[in-house]
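Engineer: here's a sequence, model it:
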Amino acid sequence: MYPNSLDLKRKFQPVDYAYRNLRTVSRRQLTIPFSDDSRYMTSLSVSRNNNPCSEVGADNIDPNHQKLLDRIEAALRLLTFREQHVLVQFWSPHAVGQHQLLETINQPFGIGVTDVGISLYRRDSENKSFVVDKDLEEEDSSPAARPFRRGLPEWASDLNHYTSKQFPQQECAIRCNLHGYLALPVFDSNTRLCVGVLELLTSSKYMNYAHEVQIIHMALKTQNLISPQRFDFPALHVLNESRQNNLDKIRGILKMACEIHSLPLAQTWAVSPHTSFVSHEKNIEKSCSSFDTRCVGKVCMSTTALPFHVQDLSMWPFFETCRERHLDSSCGLVGKALLTHGSCFCGDVTKLSEEEYPLVHNARMNRVTSCFAIFLFSIEDNDGYVLEFVLPPDIKDSGQVSNLVQTLKQNFAIGSGFELGDISCIQVVGLCPDVSVNMEPDVVEISSDSVADNFTTSVGALVSVLCLYSVCM
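Structural biologist: Here you go, the predicted structure:
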């Protein structure tokens, strides 16, 4: 099938959005949990207690709290899951004397399928309560109480990763064939106060809970409630004026660089903050917001909520893939630029291994070849970024790399509030290990023992020299 004229016209219309406009870009994602795909998934049977006729304590419920429970119940009815053997239950605090107790009895809950094991675990949970007083040291042994106190989610792909002290109901859960775990704090969108915790248990040992995190977030949002979402970057949700201005500057420079040098895509990466807790090998440790076991114990990088510019819309799928994945900061061009606070170039990333360039399969599918990455430091905010530029696939003159560097130097000059990474020695990835590229303002120096002792050449000759080394890849 040949592309029509509208497709060709759209392909070359640039898309320029900063972090704050990503909601508009991803509006189609908001409907995913409630789309026609849900008919292939399991919805919940929602109730407020195991005995619908029970009204124990109903007269003592605060009217505002009653409204909260109604909203939680409405949100639960929107949820669909990948499996049937699932339990979702809400925990909320109650004043008992001078203490605050977190309880789930008479709170909304939902089950995917009627099951003896799930009923037993639900009944066991109703008999539990945990002190969550603010002035007490965090010594609670409940995975529901910890997210409430911290305001951060906690999860585990397998309950066996907990100790019995960390998860008192561990033995009961496993006996009831419940193995996967996720607990999300719930906030009122107006007051921003934590009003409770939604707890999810599944029979499957999922390696990634991003799907569940996102559908719960979207369901709660319909009730004016908030929970953490995947790939969240909370540090950027509350922007001070300085950071706002800096991100706007970066966005403007990315756009200008793409327009001047005909670059298909430019995007910003930063270290993803630790915004969740995961139980792994009997330890509860901080992790990023991917809710993916591949990120556990690693320092990850993300493009979420950061400036970008898409000049060629055929690059949009690749950009979307980057935005929906975290990268290990020790891998790839972006990782190398971050670790060295320098710059990195590859003439063809499709020839690299997945370890060298984790997005290599997506790069091949989207015709991404030459890439350049450089570190950028914001002096006032003490923030570090990596700018990644995708070069045209038909690039024939490495002068484009040099010209791009000059553009960046001019716009991130002294007094701009930024410090550009080291460009005196651009690390070249994909060549022989003994090849290095040294860049001065007007010349590029290349040295390799396998071809010649030393070359000093104009920037425009770099590609022809690199071609000599292609046999080493």
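Engineer: I'd like to know which helix or strand in the chain has the lowest mean pLDDT.
Structural biologist: In the chain, the helix or strand scored least confidently by mean pLDDT, DSSP states H and E is strand 452-458, which has a mean of 31.
Engineer: direction included, what does the one helix or strand residue 426 maps to pair up with?
Structural biologist: Element membership of residue 426 [criterion: DSSP states H and E] is strand 425-428. Strand 425-428 pairs in its sheet with strand 343-346 (parallel), strand 436-439 (antiparallel), by DSSP bridges.
Engineer: return the member of those strands having the minimum mean pLDDT.
Structural biologist: Mean pLDDT per stretch puts strand 436-439 lowest among the strands paired with strand 425-428, at a mean of 45.
Engineer: any regions of the stretch 51-200 of the chain where pLDDT drops low?
Structural biologist: Applying pLDDT under 70 to the stretch 51-200 of the chain flags residues 51-61, 136-141.
Engineer: what ranges do the strands span in it?
Structural biologist: With strands called from DSSP state E, counting those that start in this stretch, the stretch 51-200 of the chain shows them at 80-81, 86-96, 99-103, 109-111, 129-131, 154-156, 180-188, 194-202.
Engineer: tell me which other helices or strands the fifth one touches.
Structural biologist: This points to strand 129-131. Packing partners of strand 129-131 (3 or more C-beta pairs under 8 Å, 6 or more residues apart in numbering; DSSP states H and E): strand 99-103. C-beta coordinates here come from the backbone N, C-alpha and C atoms, glycine included.
Engineer: wait, residue 216 sits on residue 200?
Structural biologist: Yes - the pair residue 216 and residue 200 qualifies as a contact (C-beta atoms under 8 Å) at a distance of 7.5 Å.
Engineer: mutual contacts of these two, please.
Structural biologist: residue 184 (C-beta atoms under 8 Å, 6 or more residues apart in numbering).
Engineer: show me which of those two is the more surrounded one.
Structural biologist: Neighbour count, other C-beta atoms under 10 Å: between residue 216 and residue 200, residue 216 has more, with 28 against 22.
Engineer: next one: the more buried one from residue 90, what distance?
Structural biologist: 11 Å (C-beta to C-beta, to the nearest Å).
Engineer: between these two, which contacts overlap?
Structural biologist: residue 198.
Engineer: which residues touch stretch 332-342?
Structural biologist: Contacts with stretch 332-342, where a contact means C-beta under 8 Å, 6+ apart, come from 269, 271, 301, 327-330, 343-346, 349, 356-359, 371-375, 377, 384, 386, 388, 421-423, 425-427, 429.
Engineer: how about a cut-off of 7 Å?
Structural biologist: 269, 301, 327-330, 343-344, 346, 357-358, 371, 373-375, 386, 388, 421-422, 425, 427, 429 (C-beta atoms under 7 Å, 6 or more residues apart in numbering).
Engineer: helices along this structure, start to end?
Structural biologist: For the chain, helices defined by DSSP state H occupy the ranges 5-11, 22-25, 63-76, 116-126, 145-150, 170-175, 210-221, 241-261, 316-323, 332-340, 360-365, 399-411, 462-468.
Engineer: could you dump these into CSV and include distance to residue 132?
Structural biologist: Output for these, formatted as CSV (distance: least, C-beta to C-beta, whole Å):
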stretch, distance to residue 132
helix 5-11, 52
helix 22-25, 32
helix 63-76, 15
helix 116-126, 16
helix 145-150, 5
helix 170-175, 20
helix 210-221, 20
helix 241-261, 33
helix 316-323, 35
helix 332-340, 38
helix 360-365, 43
helix 399-411, 50
helix 462-468, 61
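Engineer: for residue 284, find the nearest of those helices.
Structural biologist: Nearest to residue 284 among these is helix 145-150 (7.8 Å), distances taken as C-beta to C-beta.
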